[in-house]
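Student: test case, fold it:
(2 chains)
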Amino acid sequence: MPRKTQTTDLLMNLEQALSTAVAEAFEALYGENIADQVALQPTKKEFAGTYTFVTFPYSRITKEKPDVAAQRMGEKVQESSDLLSGFNVVKGFLNLEIGDAAWVKVLASIAQTEQYGVAEPIGQKVMVEYSSPNTNKPLHLGHLRNNFLGYSVSQIMDAAGYEVKKVNLVNDRGIHICKSMLAYQKYGEGETPESAGIKGDHLIGKYYVEFDKHYKAQQYEWMETQKANHPELASIEDLREFKKGVDDKNKTKQPLSDEERAAMKPFKELQAQAEKEATLLKEAQEMLRKWEQGDEDTVVLWKQMNGWVYDGFNATYNTMGVTFDKFYYESDTYLLGKDLVEDGLSREVFYQKDDGSVWADLSGDNLDQKLVLRSDGTSVYMTQDMGTSDLKFQDFAFNKSIYVVGNEQDYHFQVLFTIMKKLGREYADGMYHLSYGMVDLPTGKMKSREGTVVDADDLMAEMQQTAKNYTAEKGKIDDPDSEEAQALYHMLGMAALKYYLLRVDPKKRMLFNPQESIEFQGDTGPFIQYTHARIKSVLRRAEQVGHAKDVATFGTLTQLHPTEVEVMALLARYPDKIQEAADTYSPSVVAQFAYDLAKEYNRFYQEVPILNEVDAPTLAFRLAFSEQVAKTIAHAMQLLGIQVPERM
RNA sequence: GCCCCUAUAGCUCAACUGGAUAGAGCACCCGCCUUCUAAGCGGACGGUUUCAGGUUCGAGUCCUGAUGGGGGUACCA
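Tutor: Coordinates of the predicted model:
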């Protein structure tokens, strides 16, 4: 899709301007308009030039050898565009060289822009749903990836010109909350976050675990009374020990004995029975029924416990630095969607079975049959999501609706989107599942049962502590306990964590290595922050001395250092990078860009003096140039939800 | 069983959507602080892009198959 170019800011997007020039040259030479398909690519480091036009694909039109066409194209472009200082041809590759004077103009143009990189509003609305926690346990590492992604994508869409609405669909009802509630009722003894001195979400999580403990105990108790009926199990003294033994063997990949193998099948059957027989579960289900009927005591308890959780979540969101424009609660939306089932039946998108259950037949879409209403008339997750998507559209009339949800729900969203399309919802084409991969630990998958879950609050606190230790080690701070210092530690720790999680392509499963994540060197958030702080330091000093950095002073400059050109080439690409990140819903594009820019600038910083430069225009350029790099770094980091310090 | 995702340097990740000799960081080794922040910079080492075919001027990228890893799979959310 060609983006509009304004002649006034031609220099603002060099690539765009050059593409146009190339397309015009092509049309002049070969009489065909290829403006839609012209794609310039960055020139490889080992060749001279900044942008490269590849002529191979056009040999059918040019009827010339690719290198000949490239040569003629180069000559033509140079005639028509004063941006070019020269070009070279290698095989079918036309490498376009931008003159230093042109780069100076580009910088001047960037410096005069209010917020370089940000697109004009495009008149489109996008809703981004993310976080969407359950209220029965605190947030963990997986949620961090979700929240950071959701927030960052929102920022990126905003920078790409969309009107953005960030929403959080809180799963505040259902059997899992009832489990916590029940356990609290039974074993809580009136404990509160204040009395226990723990955050509300952690307190509720504690009772969720408590429920599971008692529930398991009940199951085994019941199973012991039944095992006599199963010959393979009768001789086992303690079923719990037996299961533990088998699990251990499986984990360490030892073979099971014949007896064990034979006993596993009846054991599993018995366990499945036990899960249903255990009275605790029945009690929890009863509680859910009471909640749905609006039983007062139940609702009061539910409100109280959810209130605690929200206090806890708010604190966590605050530390994470994420925000929402609107909250949806499943307690409000769980009944939605039933009218859509009716609608679907009348449109014959759904069909009803004899038992009364309603199904969508999506076998034609390679998706099989999917239940949308139980035989007892109650709705399922899918029903609710159908209703909620209508509600969201009513609320915001979006062009795009993004769901930031883990990839274990790929199937669910494929089905949801297909159904909504079949139901004639035109907005369905704008629905997108931003599916991200699980976060693994070096020890494998996070498992709550095995206690390997990395708690979000703990992790963030650790990151801040690490930042403090590291800073102390460097001896860079006067008063390590001042408020300013604390703010810095928080900034650094969160940057390390966010950058670590965001630099990876969202859809890929990733490894969270605790040792690596707290690294502050190399391809890390703090490295980029450091580059920013470093530039700011130079700028402060220049300010004190009173050095000029205005266009009037550096505008006439015609000669740049090679490292300056490299950095300028990156800087010039920023608007496109934002666009690419928005098109692919991928903060990793921005992360990569910020790193490249910082890296390349540091090279310049190392090789080229700034404050000691005697030539006034050159000095002014280097200051203005450094300032723009700092601003762009800060902005790119902001798109990742990362703050950047003035000094560190 | 069926469906979806994934596989790139010892490890963690890139590769601008089919372009040139596949790049960074970490780890290991060697250099650089009497100059603007060394949380930095340079250099060395490291690759049959899991395997086998195919498509074309050109394939890490596309198509087919195999293998390894992960996820989902009809009254859970």
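Student: pretty sure residue A:446 is in a helix, no?
Tutor: No: if the criterion is DSSP: H, G, I helix; E, B strand; the rest coil, then residue A:446 is coil and not within a helix.
Student: that one touches residue A:459, doesn't it?
Tutor: No: using CB atoms under 8 Å, residue A:446 is not in contact with residue A:459, being 11.7 Å away. C-betas here are computed from N, CA, C, even on glycine.
Student: overlap of the contact sets of these two?
Tutor: Common neighbours of residue A:446 and residue A:459 are listed as residue A:141 (criterion: CB atoms under 8 Å, 6 or more residues apart in numbering).
Student: which residue is nearest the middle of chain A?
Tutor: residue A:149 (1.7 Å; CA atoms, centre = their mean).
Student: what about the host helix or strand of that one, near RNA strand B?
Tutor: Using DSSP states H and E, residue A:149 maps to helix A:141-159. No: for helix A:141-159, no contact with RNA strand B is found by CB under 7 Å from any atom of the strand; the gap never falls below 11.2 Å.
Student: let me see the ranges of the helices in the stretch 451-600 of chain A.
Tutor: Taking DSSP state H, counting those that start in this stretch, the helices of the stretch 451-600 of chain A run over residues A:456-474, A:483-502, A:514-517, A:525-545, A:551-554, A:562-572, A:574-584, A:587-607.
Student: with distance to residue A:279 and mean neighbour count added, can I get the ones you listed in JSON lines?
Tutor: Shown next, in JSON lines, are those (distance: least, CB to CB, whole Å; neighbours: other CB atoms under 10 Å):
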{"stretch": "helix A:456-474", "distance to residue A:279": "34", "mean neighbour count": "17"}
{"stretch": "helix A:483-502", "distance to residue A:279": "42", "mean neighbour count": "22"}
{"stretch": "helix A:514-517", "distance to residue A:279": "41", "mean neighbour count": "14"}
{"stretch": "helix A:525-545", "distance to residue A:279": "50", "mean neighbour count": "19"}
{"stretch": "helix A:551-554", "distance to residue A:279": "79", "mean neighbour count": "18"}
{"stretch": "helix A:562-572", "distance to residue A:279": "65", "mean neighbour count": "21"}
{"stretch": "helix A:574-584", "distance to residue A:279": "51", "mean neighbour count": "20"}
{"stretch": "helix A:587-607", "distance to residue A:279": "48", "mean neighbour count": "21"}
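Student: rewinding a little: contacts only, for the residue nearest to the centre of chain A.
Tutor: Taking CB under 8 Å, 6+ apart, one finds A:130, A:404, A:434, A:436, A:501-502, A:506, A:587 in contact with residue A:149.
Student: so which elements touch whichever helix or strand residue A:412 is part of?
Tutor: Residue A:412 is part of helix A:410-422, with elements assigned from DSSP H and E. Packed against helix A:410-422 by the contact rule (3 or more CB pairs under 8 Å, 6 or more residues apart in numbering; DSSP states H and E) you find strand A:358-361, strand A:369-373, helix A:381-396, strand A:431-436.
Student: so residue A:85 versus residue A:49, what's the distance?
Tutor: 10 Å (CB to CB, to the nearest Å).
Student: who touches both of those two?
Tutor: In contact with both residue A:85 and residue A:49: A:97-98, using CB under 8 Å, 6+ apart.
Student: who has more neighbours, the two?
Tutor: residue A:49 (22 against 15; other CB atoms under 10 Å).
Student: could you give me the average pLDDT of the host helix or strand of residue A:617?
Tutor: Using DSSP H and E, residue A:617 maps to helix A:616-639. Model confidence over helix A:616-639, given as mean pLDDT, is 97.
Student: cool, stretch A:159-175 as well?
Tutor: Mean predicted confidence for stretch A:159-175 is 96.
Student: do the same with stretch A:191-204
Tutor: Stretch A:191-204 comes out at a mean pLDDT of 96.
Student: and the end-to-end length of it?
Tutor: 10 Å (CA to CA, to the nearest Å).
Student: and the contacts of it?
Tutor: A:135-139, A:180, A:184, A:206, A:305, A:307-313, A:315-316, A:457.
Student: buried residues in it?
Tutor: A:193, A:198-204 (16 or more other CB atoms under 10 Å).
Student: nearest to RNA strand B among those residues?
Tutor: residue A:204 (15.8 Å; CB to the nearest atom of the strand).
Student: quick one: name the residues of the stretch 151-300 of chain A near RNA strand B.
Tutor: A:171, A:174-175.
Student: only the buried members of those: can you turn that into a ChimeraX selection?
Tutor: This is how ChimeraX selects the buried members of those, with burial counted by 16+ other CB under 10 Å:
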select /A:171,174
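Student: residues contacting residue A:65?
Tutor: residue A:59.
Student: and it, backbone torsions?
Tutor: When read as degrees, to the nearest 10, the backbone of residue A:65 gives phi -60, psi 140.
Student: how near is it to RNA strand B?
Tutor: 11 Å (CB to the nearest atom of the strand, to the nearest Å).
Student: and what of residue A:59?
Tutor: Going from residue A:59 to RNA strand B by CB to the nearest atom of the strand gives 7 Å.
Student: lowest mean pLDDT across the helices of the stretch 451-600 of chain A, which one is that?
Tutor: Lowest mean pLDDT within these: helix A:514-517, a mean of 88.
Student: who does that helix touch, helix- and strand-wise?
Tutor: helix A:483-502.
Student: got the angle between the helix it packs on and helix A:141-159?
Tutor: 90 degrees (axes from the mean of the first three to the mean of the last three CA atoms, to 10 degrees).
Student: average pLDDT for the helix or strand harbouring residue A:351?
Tutor: For residue A:351, the host element (DSSP H and E) is strand A:350-352. Average pLDDT, strand A:350-352: 93.
Student: out of the helices and strands in chain A, which is least certain?
Tutor: Across the helices and strands of chain A, mean confidence by mean pLDDT, DSSP states H and E is lowest for helix A:239-251: a mean of 77.
Student: angle of the helix or strand that it is followed by against helix A:239-251?
Tutor: The helix or strand immediately downstream of helix A:239-251 is helix A:258-277, counting by DSSP H and E. For helix A:258-277 against helix A:239-251, the angle by the same axes, to 10 degrees is 120 degrees.
Student: just checking, what packs against the helix or strand just after helix A:258-277?
Tutor: Going down the chain from helix A:258-277, the next helix or strand is helix A:279-292, by DSSP H and E. Identification of packing neighbours for helix A:279-292 by 3+ CB pairs under 8 Å, 6+ apart yields helix A:175-187, helix A:200-226, helix A:296-320.
Student: number of nearby residues for residue A:402?
Tutor: 24.
Student: I'd assumed residue A:435 was in contact with it.
Tutor: No: using CB under 8 Å as the test, residue A:402 is too far from residue A:435 to be in contact (10.6 Å).
Student: next, show the common contact partners of the two.
Tutor: With CB under 8 Å, 6+ apart, residue A:402 and residue A:435 have no common neighbours.
Student: would you map out the domains in chain A?
Tutor: Split into domains by automatic domain parsing, chain A comes to A:7-98, A:184-292, A:457-639.
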